[in-house]
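Undergrad: Test case, fold it:
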Amino acid sequence: MSKPPPPPVAAATVASLPTPPSGDGQSDLRDRLPTSRSKDSGGEVAGDDYYSCPPFPTEDDYDAYVSRISPRRELVCPITQEVFRDPVVALDGHTYERTSLLMWFQTHRNGGTMRSPTTNAL
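TA: Numbers count the residues shown, from 1 in each chain. So this is what the prediction gives:
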């Protein structure tokens, strides 16, 4: 009776595994995965549990986490969705990244009229 093939493992993990014992060289890879001690239970966690990231318990917990690590909306360019490095205020009253706004005006010129990237107003 043959064993099923071992699951795929990241290259960094494979590189850090010890060499297989002498003999048939077919020892199960899962038996050699690194383990970690859980701080809560004191027991060992092996295999897939070592690499898993538990989901947030509630949607509110997820939203709270994202709001803590995300930049405020006022600091993000509406064109690039990146934090400002060289912000400018356009005639529409919105703030944009300078290079993104210039690129927008170069590519979205309609017969000499330019529209706002945010409001689409003339």
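
Undergrad: Relative to Tyr65, how far out is Phe56?
TA: Distance of Phe56 to Tyr65, given as C-beta to C-beta, to the nearest Å: 7 Å. Where you see a C-beta, it was placed from the backbone N, CA and C, and this is true even at glycine.

Undergrad: no no, Leu75
TA: Taking C-beta to C-beta, one finds Leu75 at 19 Å from Tyr65.

Undergrad: Kindly report the same for Gln106.
TA: Taking C-beta to C-beta, one finds Gln106 at 39 Å from Tyr65.

Undergrad: try Glu74
TA: Taken as C-beta to C-beta, the span from Glu74 to Tyr65 is 20 Å.

Undergrad: the more surrounded of the two?
TA: Tyr65 (11 against 8; other C-beta atoms under 10 Å).

Undergrad: check which helix or strand covers the more buried one.
TA: helix 59-69 (DSSP states H and E).

Undergrad: if we look at that helix, which residues are touching it?
TA: Here helix 59-69 makes contact (C-beta atoms under 8 Å, 6 or more residues apart in numbering) with Phe56.

Undergrad: hmm, try it at 10 Å
TA: 55-56, 58 (C-beta atoms under 10 Å, 6 or more residues apart in numbering).

Undergrad: which of those residues are buried?
TA: Restricting the contacts of helix 59-69 to buried positions leaves nothing, with burial counted as 16 or more other C-beta atoms under 10 Å.

Undergrad: Nearest to Ile79 among those?
TA: Phe56 (30.5 Å; C-beta to C-beta).

Undergrad: which residues touch the closest one?
TA: Phe56 touches 62-66, counting by C-beta under 10 Å, 6+ apart.

Undergrad: Tell me which helix or strand it sits in.
TA: Per DSSP H and E, there is no helix or strand for Phe56.

Undergrad: could you measure it against Pro71, distance?
TA: Phe56 is 20 Å from Pro71, by C-beta to C-beta.

Undergrad: Same check on Thr58?
TA: 24 Å.

Undergrad: likewise Val88?
TA: Val88 is 18 Å from Pro71, by C-beta to C-beta.
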